[in-house]
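1. here is a sequence with its predicted model. Questions after.
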Amino acid sequence: MTDTLLYLFSTWGNFLVLAVTFFSCLAAPLPASLVMLAGGAFAGAGDVSLLATGGVALSGAVLGDQTGFAIGKRVQGRLQRWSERSKRTARSLQKAEFFMQNHGARGLFLSRWLFSPLGPYVNVLAGATQVRWQVFTLWTLIGETVWVSLYVGLGYGLSDQIETLASLSADLTGALTAAVLAVAIATWLVRRRTS
């Protein structure tokens, strides 16, 4: 996968970073963190500008977040019907709702980088539940800045070890997401038992 990604980056450059970060914020199963690592590695090798790579990654992520928020505003009533048709969508929305209820603005921030698989669902849910746009934008912008800085910066600083970084990134994101899911299920079970 890393070889393919590096080839795609050498062909498409920062346009790939922009497109992948945008669509990953809309729940497309794309390796945005890996693409940013690759972009940082190319910047570290002097092939592209670090500032440009970071800028397009941040732009794609922010545009994706804003698009998800706008979609949430438009589909408020339909979310329940969608979750009834798809167990995966229902689970993701439940996790995002739990996350938003328990963490509020801090949840917006953390779902950008620490629990990034929840981010696209938090975007839609924030729009659907009337989170103020200014609050959403501020906290997601700060969170996306952390996310982009971490991955592009790691790729830049450790460009000679990109494959090791890619593997570590995937393992860490999966472990954090599993931990959030375990806490959400445990809380749901406790609430259900006490009801």
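-> Yes, it's here.
2. distance of residue 120 relative to residue 109?
-> With distances taken as Cβ to Cβ, to the nearest Å, residue 120 is found 15 Å from residue 109. (Each C-beta comes from the backbone N, C-alpha and C, glycine too.)
3. more neighbours, these two?
-> residue 120 (23 against 19; other Cβ atoms under 10 Å).
4. what is the burial count for the closest residue in space to that one that isn't next to it in sequence?
-> Leaving aside its chain neighbours, residue 120 sits nearest to residue 27 (3.7 Å; criterion: Cβ to Cβ, 6 or more residues apart in numbering). As a burial measure, residue 27 scores 17 neighbours (other Cβ under 10 Å).
5. mind listing what residue 27 touches?
-> By Cβ atoms under 8 Å, 6 or more residues apart in numbering, the residues touching residue 27 are 68, 92, 120-121.
6. next: residue 56.
-> Residues in contact with residue 56 (Cβ under 8 Å, 6+ apart) are 14-15, 17-18, 21.
7. again, only this time at 10 Å
-> 13-19, 21-22, 36, 39, 48-49, 148, 152 (Cβ atoms under 10 Å, 6 or more residues apart in numbering).
8. among those residues, the buried ones, what's the PyMOL command?
-> Buried residues among the contacts of residue 56 (16 or more other Cβ atoms under 10 Å), as a PyMOL selection:
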select buried, resi 13+14+16+17+18+19+21+22+36+39+48+148+152
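9. now, the contacts of residue 56 that are in strands?
-> Assigned to strands by DSSP state E, none of those qualify.
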